[in-house]
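[1] Model the structure of this input:
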Amino acid sequence: MLNTSHETLLPLTEAARLVRKDLSTLYRWTRRGFRGVVLETIQVGGTRNTTREALQRFFERLTVREHIPAPSRPRSEKHATEAGEELDCYGI
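    This next block holds a predicted model:
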């Protein structure tokens, strides 16, 4: 959570320049997130803001998630794949 008493606010336009991303990308990170991680922001008047520290936390969380193994496929999908392979063996 943003701590505005200890962190300096940074408008999303400046944050986008800082991380070299399009402004629309940062807005998407604030609304939908990326890989389950949402960028922390606060609305001040008509301006959406974040902080350098919030960006750092966002990227750190993404880095941690990269090291989590991907979930295995559902059984039904595995069975369908196996059945398809078996049918291929029979030329069907």
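[2] For the residue most central in space within the chain, give me its contacts.
    Centroid-nearest residue in the chain: residue 34, 1.4 Å away (criterion: CA atoms, centre = their mean). Contacts for residue 34 (CB atoms under 8 Å, 6 or more residues apart in numbering) come out as 28, 62. For the C-beta atoms, the positions are set from N, CA and C on the backbone; glycine is no exception.
[3] Against residue 90, how distant is it?
    In this view, residue 34 and residue 90 are 44 Å apart by CB to CB, to the nearest Å.
[4] Mind listing the residues bridging to residue 9?
    residue 51 (DSSP bridges).
[5] So it sits against residue 51, correct?
    Yes: contact between residue 9 and residue 51 holds when scored by CB atoms under 8 Å: they sit 6.2 Å apart.
[6] Name the spans of the chain whose pLDDT lies under the cut-off.
    Scanning the chain for pLDDT under 70 picks out 65-75.
[7] for it, what spans make up the strands?
    With DSSP state E, the ranges of strands along the chain come out as 9-11, 42-44, 47-51.
[8] Pull the distance from the first one to the chain's centre.
    Chain-centre distance of strand 9-11: 20 Å, with CA atoms, centre = their mean, to the nearest Å.
[9] ok, residues contacting that strand?
    18, 42, 44, 47-52, 55.
[10] so can I have TSV of the residues you listed showing distance to residue 2?
    As requested, the contacts of strand 9-11 are arranged in TSV below (distance: CB to CB, whole Å):
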residue	distance to residue 2
18	16
42	5
44	11
47	14
48	12
49	8
50	7
51	6
52	11
55	11
